[in-house]
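how does the following fold in three dimensions:
(chains A and B)
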Amino acid sequence: MQTYHQLDALGDPTRRLVFEQLRAGPLAVGQLAERLPVSRPAVSQHLRVLKLAGLVGDVHAGTRRLYHVDPAGLESARAYFDRFWDDALDRFASEAGKEPG
Amino acid sequence: MSTVSLDAIRKTRLVDLTPAEAFERFTAGIGSWWPAATHSYGGDAVTAVVLEPRVGGRLYEVTPEGERDWGRVLAWEPPGRLVLDWQIGEAAGTEVEVRFAPDGTGTRVDLEHSGFGETDPRERYESGWDVVLTPFVERAG
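Residues are numbered from 1 along each chain as shown, chains lettered A, B, ... in the order given. Alright, predicted model coming up:
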């Protein structure tokens, strides 16, 4: 089981905000910058990191580029946490019978 | 664009405790059972895992370098229910609900982790296409 580091493209709070905005639907850089207390260049930088991590994809839309959450990234996150909770709850259940310590 | 089915993760465990005891152990006692060596940012450096017992309370790990948040309490309803806003990794912005219900002489613990992909991506593109087509229509007119 890996620790959280390895899926830590979202460790940065601003980057997490960018990602959470995109959960609701695709947006252009300018739209993201309007919604967040961050400059356009900063938004672009965060999008680059998210894209490298496979969390975000983009499509050309005329002169603009729209960013969206990458479904493959969401699937891998879901698969990760599926195992994660099995491990964590097995541990909870096995410790539950013991005296608190 | 294929449809992505991202159902909530659902897990169930039975424990030999009352619901109140199970809730207490799960929350106040989280540091005693959470597998922090593997389920944390800090790994072996984690010295404590803390869940603050109130709505708005933080769930976080402690290492010699400081604290790091994992989530926040959205609902605090002992002994039956706990809801967390989950802030880790790609799952940032998802929700974890844990329910504790009597089952025979013990307690049934149901965990649901939801919000990984709450809509069909095609629906996202529908709103996305508005963004694309509006300037196109404006320019064409």
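
surely residue B:93 meets residue A:22?
No. Contact criterion C-beta atoms under 8 Å: residue B:93 and residue A:22 do not qualify, at 10.0 Å. In short, each C-beta sits where N, CA and C put it, glycine included.

which of these two has more neighbours?
Just comparing residue B:93 and residue A:22: by other C-beta atoms under 10 Å in any protein chain shown the higher neighbour count belongs to residue A:22, 22 against 18.

so that one sits in a helix?
Yes. Counting by DSSP: H, G, I helix; E, B strand; the rest coil, residue A:22 is found in a helix.

excluding its backbone neighbours, what's nearest it?
Leaving aside its sequence neighbours, residue A:22 sits nearest to residue A:69 (C-beta to C-beta, 6 or more residues apart in numbering or on different chains; 4.9 Å).

and residue A:33, by the same measure?
In space, residue A:33 is closest to residue A:40, 4.5 Å off (C-beta to C-beta, 6+ apart).

look up phi and psi at the one you found.
Recorded main-chain torsions at residue A:40 are phi -60, psi -50, according to degrees, to the nearest 10.

how many neighbours does it have?
Other residues within reach of residue A:40, judged by other C-beta under 10 Å, total 12.

same question, residue A:13
Counted by other C-beta under 10 Å, the residues lying close to residue A:13 total 10.

and the closest residue to residue A:47 other than its chain neighbours, what are its bridge partners?
Leaving aside its chain neighbours, residue A:47 sits nearest to residue A:67 (5.6 Å; criterion: C-beta to C-beta, 6+ apart). Beta-bridge partners for residue A:67, by DSSP bridges, are residue A:27, residue A:58.

list the contacts of residue A:67.
Residue A:67 is in contact with A:22, A:26-29, A:32, A:47, A:50-51, A:56-58, counting by C-beta atoms under 8 Å, 6 or more residues apart in numbering or on different chains.

so where does the closest residue to residue A:55 other than its chain neighbours fall, helix or strand?
Excluding its sequence neighbours, the residue lying closest to residue A:55 (C-beta to C-beta, 6+ apart) is residue A:73, at 4.1 Å. If you go by DSSP states H and E, residue A:73 is part of helix A:71-96.

contacts for stretch B:48-67?
Under the contact criterion C-beta under 8 Å, 6+ apart, stretch B:48-67 has outside partners B:27-28, B:30-31, B:34, B:36, B:40-42, B:45-47, B:68-76, B:84.

which SSE is the spatially most central residue of chain B in?
For chain B, residue B:96 is the residue whose C-alpha lies nearest the centre (C-alpha atoms, centre = their mean; 3.0 Å). Assigned by DSSP H and E, residue B:96 belongs to strand B:94-103.

continuing past that strand, what's the next helix or strand?
Remark: after strand B:94-103, the chain's next helix or strand is strand B:106-114, criterion DSSP H and E.
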